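> only geometry, no sequence info:
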C-alpha cells in the first residue's frame, strides 16, 4: 500500500507543478495585456508567459512517462508546491480586480520565480533516468533565466529618472 501512496504522491506532485506553470503563464499573459501601453514590459511578460507554457508541457511529458520513469519527490516539496500554488491563485484573484503597479508586479514575479527555481532545482525531483534529469535541469536553468530577466527589468524600473534620461 505504501508503494501505491508513493506513486500517487509523485504523480500528484507533477500535476501540481504542471498547474503552477499554467498559472504562471496565465498571470504573465494577463500582465502582458494590462501593461500593453509599455511595450518593453508587455514583451517581457509575453516572452516569460510563453516559456512558462513550455515548462507546463515538460511537466505534461513527465506525467505521461511517470510510471516508466523512477524519481522521488523529496520531503517538504509537496508542501512547498501547494504553498506556491495557493499564493498564485490568491494573486490571480487579487489582480483581476486591481491593476498592480508595474514595480510591484515585477518584484512579486521575481520573488515567485526564485521560489519556483528553488523548488525545481534543489528540493523536488531526482530522476534516476538521465534524460529526464536533463529535461528538468533545463527547466531549472530556464527558471534562473526568468529570474535574471525579471531582475534586470526590475533594476531598470528602479533607476532614478535622471539616470534613465541622462
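Yes, it's here. All of these numbers come straight from a predicted model, not from anything done at the bench.
> alpha carbons only for contacts and neighbour counts from here, please
Will do.
> For residue 55, give its distance to residue 101.
As judged by Cα to Cα, to the nearest Å, residue 55 and residue 101 stand 27 Å apart.
> Which one of the two is surrounded by more residues?
Taking other Cα atoms under 10 Å, residue 55 and residue 101 do not tie; residue 55 has more neighbours (26 against 10).
> pretty sure that one contacts residue 139?
Yes. With contact defined as Cα atoms under 8 Å, residue 55 reaches residue 139; the gap is 6.6 Å.
> List the contacts of residue 143.
By Cα atoms under 8 Å, 6 or more residues apart in numbering, the contact set of residue 143 is 113-114, 116-117.
> What about these, which are in strands?
Residues of the contacts of residue 143 located in strands (DSSP state E): none.
> Show me where the protein has its strands.
With DSSP E as the criterion, the chain has strands at 71-73, 125-127.
> just checking, what packs against the first one?
Think strand 71-73. Strand 71-73 sits against helix 2-34, strand 125-127, with contacts defined as 3 or more Cα pairs under 8 Å, 6 or more residues apart in numbering; DSSP states H and E.
> Average pLDDT for the last one, rounded please.
This predicted structure assigns strand 125-127 an average pLDDT of 65.
> swap in stretch 133-150?
Mean predicted confidence for stretch 133-150 is 79.
> what comes up buried for it?
Buried positions in stretch 133-150, judged by neighbour count with 16 or more other Cα atoms under 10 Å: 135-136, 139-140, 142-144, 146-147, 150.
> And stretch 85-97, by the same measure?
85, 88, 92.
> Not counting sequence-adjacent ones, nearest residue to the last one?
By the measure of Cα to Cα, 6 or more residues apart in numbering, the closest residue to residue 92 outside its immediate chain neighbours is residue 27, 6.6 Å from it.
> try residue 113
Spatially, and ignoring its direct neighbours in sequence, residue 113 is nearest to residue 147 (5.9 Å; Cα to Cα, 6+ apart).
> ok, now residue 36?
residue 42 (5.1 Å).
> which intervals of the chain have sub-threshold pLDDT?
Scanning the chain for pLDDT under 70 picks out the ranges 1-4, 75, 120-128, 161-166.
> how about 80 then?
By pLDDT under 80, the low-scoring segments of the chain are 1-7, 65-75, 117-144, 161-166.
> need the helices for this protein, in chain order.
2-34, 39-65, 77-97, 102-118, 130-157, 161-164 (DSSP state H).
> No further queries at this time; thank you.
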